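Visitor: using only what follows, build the 3D model:
(one chain, ligands or ions: 2)
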Amino acid sequence: KQQFYLKRENGEKMNWKIIFCFTLLSMLETSSSSKIYNVDPSGYVLYCPCMGRFGNQADHFLGSLAFAKALDRTLALPPWVEYRYGEPKSVQVPFTTYFKIEPLESFHKVMPMEDFMEQIAPTVWPPGNRTVFCYMPRGNPDSESCNAKEGNPFGPFWDTFDVDFNRSVFYGPLNYDVIHHNMGDAWRDKYSSEDYPVLAFTGAPASFPVQEENRRLHRYLEWSDDIDQRAEEFIRNALPKGAFIGIHLRNGPDWERACEHIDSTPSLFAAAQCLGYRNEYGRATQEMCLPSRETILQQTRKAIKDYSAKSIFVASDSDHMIDELKKEFKRMNVSVHRMPNPVPQVDLAILGRSNYFIANCISSFSAFAKRERDIKGIPSGFWAFPQKPQNIQNSSSRSDEL
Ligand code: GDP
Ligand code: MN
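Guide: Ligands and ions are numbered 1, 2, ... in the order given. The predicted structure is shown next:
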């Protein structure tokens with residue numbers, strides 16, 4: 001109380017600190033469950049979802065869950081890292097804003113990172129004695145440090161929890177592949193839970209894209225009631241009764257640039273979800289990455305017919321093509337819809353409920369909805385895939401040459 005009062009006297013700078021404290025307090029209040037956790041003697045895994053946006057982070061989450069399971073450590077569920085236009089620092093959104101905890105608990109020991117910091121960290125991971133793990137020194141090569149807080153979102157992420165690091169551990173040559181290598185034991189041998197109760201990583205202990213074997217873990221990711229309800233409400237109120245087709249149009253300027261590299265990167269981003277993890281089903285193409293107007297209209301038309309759909313739901317990061325789609329399908333009496341102010345997670349939840357979904361094979365955002373649907377056993381397709389026979393021929397002869 002006394003300290004608080006003194007701070008107030010210090011003018012503007014301190015006012016800002018007080019506001020920050022209140023924000024932090026209210027955040028902790030809303031995001032932490034009332035549940036009381038016992039200390040896990042096997043230890044904890046913490047990480048910053050420091051790479052990419054939601055789709056990438058979700059891929060990484062599934063791998064990190066498998067990693068924590070293999071090491072038998074409790075996984076601290078990190079907040080989702082979001083980037084708001086024009087803001088220099090990432091924003092951290094509590095894990096539970098988007099997903100339920102209970103289904104995850106049925107698979108493995110997990111707890112929200114907010115709860116970990118509040119209940120466990122003060123005794124098990126006190127300030128002044130915090131180690132961070134990275135494969136090798138990162139950032140400044142002379143520093144022999146993970147520089148875990150250097151850059152955005154690295155700094156803002158750990159600052160959300162007032163975490164500073166006192167020591168770095170370079171864990172190379174160990175890796176995260178608990179499926180193909182006996183990494184669970186290797187980690188346990190080298191970094192015991194007695195010596196290292198907390199393994200805090202600068203990035204997700206997982207690969208991107210998600211390993212094939214870990215896709216099934218998506219069944220433990222269930223949307224929060226809030227996201228579910230918003231999706232349901234939209235479907236009930238905005239769409240006509242009857243079947244609807246969900247389509248994902250990933251076409252913003254960042255994506256156009258990414259797609260330029262497709263020829264030199266036959267398994268770019270999430271491409272394995274349709275091409276296979278060893279490119280068994282061909283190579284990624286421009287048309288799969290950034291489908292043409294013709295491809296979009298043609299495949300959507302076929303889907304409408306196949307499912308006797310009454311409407312189309314469009315999710316996009318940029319151009320929803322609403323007018324074009326409306327014009328094209330007016331005569332079929334099919335209406336076209338989008339969320340007025342699209343929230344990525346609600347868009348995904350709606351796509352997850354459509355009667356048929358056309359995904360962008362390269363996009364990890366699309367991959368999220370595709371995995372959810374695979375788990376539910378409902379059908380999806382991809383833009384420009386499977387490729388026309390002559391293209392497959394070309395692509396396989398091309399790979400023969402390599
Ligand atoms: P990827 O880049 O497509 O592999 O997926 P990421 O999720 O990593 O990055 C794309 C980001 O763009 C998403 O996280 C969203 O913020 C945004 N985005 C892409 N597609 C959509 C969409 O259909 N709807 C909404 N609301 N946002 C999207
Ligand atoms: Mn991305």
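
Visitor: contact partners of the helix or strand containing V169?
Guide: V169 belongs to strand 167-170 when assigned by DSSP states H and E. The set of residues external to strand 167-170 that reach it, using Cβ atoms under 8 Å, 6 or more residues apart in numbering, is 130-137, 144-146, 148, 191, 196. (C-beta placed from N, C-alpha, C; glycine too.)

Visitor: grab the CA positions of the next helix or strand after that strand and hand them over as CSV.
Guide: Using DSSP H and E, the next helix or strand after strand 167-170 towards the C-terminus is helix 183-190. Output in CSV follows, covering the C-alpha atoms of helix 183-190 (Å, rounded to 0.1, in the frame of the first residue of the first chain):
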residue,chain,number,x,y,z
MET,A,183,14.3,-38.1,-27.2
GLY,A,184,12.1,-38.4,-24.2
ASP,A,185,14.8,-40.4,-22.4
ALA,A,186,17.6,-38.3,-23.8
TRP,A,187,16.0,-35.2,-22.3
ARG,A,188,15.3,-36.8,-19.0
ASP,A,189,18.8,-38.1,-18.7
LYS,A,190,20.5,-34.8,-19.5
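
Visitor: coming back round to it: okay, now the sheet partners of the strand holding V169, with direction.
Guide: Within its sheet, and counting by DSSP bridges, strand 167-170 is paired with strand 131-134 (parallel).

Visitor: returning to what we had before: buried only: go through the contacts of strand 167-170 for me.
Guide: Applying 16 or more other Cβ atoms under 10 Å to the contacts of strand 167-170, the neighbour count classes 130-135, 137, 145-146, 148, 191, 196 as buried.

Visitor: what's the burial count for R84?
Guide: Using other Cβ atoms under 10 Å, R84 has 9 neighbouring residues.

Visitor: am I right that it is in a strand?
Guide: No: counting by DSSP: H, G, I helix; E, B strand; the rest coil, R84 is located in no strand; its state is coil.

Visitor: packing partners of the helix or strand hosting Q345?
Guide: Assigning secondary structure by DSSP H and E places Q345 in helix 344-351. The contact analysis (3 or more Cβ pairs under 8 Å, 6 or more residues apart in numbering; DSSP states H and E) places helix 344-351 against helix 225-238, strand 244-249, strand 311-316, helix 364-376.

Visitor: then the third one to CSV, C-alphas only?
Guide: What follows is strand 311-316, C-alpha atoms only, in CSV (Å, rounded to 0.1, in the frame of the first residue of the first chain):
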residue,chain,number,x,y,z
SER,A,311,-25.0,-20.7,-49.3
ILE,A,312,-21.3,-20.1,-49.3
PHE,A,313,-19.3,-18.8,-46.3
VAL,A,314,-16.1,-17.0,-47.2
ALA,A,315,-13.1,-16.6,-44.9
SER,A,316,-10.2,-14.5,-46.0
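
Visitor: beyond that strand, next helix or strand please.
Guide: Criterion used, DSSP H and E; the element after strand 311-316 is helix 322-329.

Visitor: quick one, that following helix and strand 311-316 angle?
Guide: Using axes from the mean of the first three to the mean of the last three Cα atoms, to 10 degrees, the inter-axis angle of helix 322-329 relative to strand 311-316 is 150 degrees.

Visitor: that's all I had, so thanks and see you.
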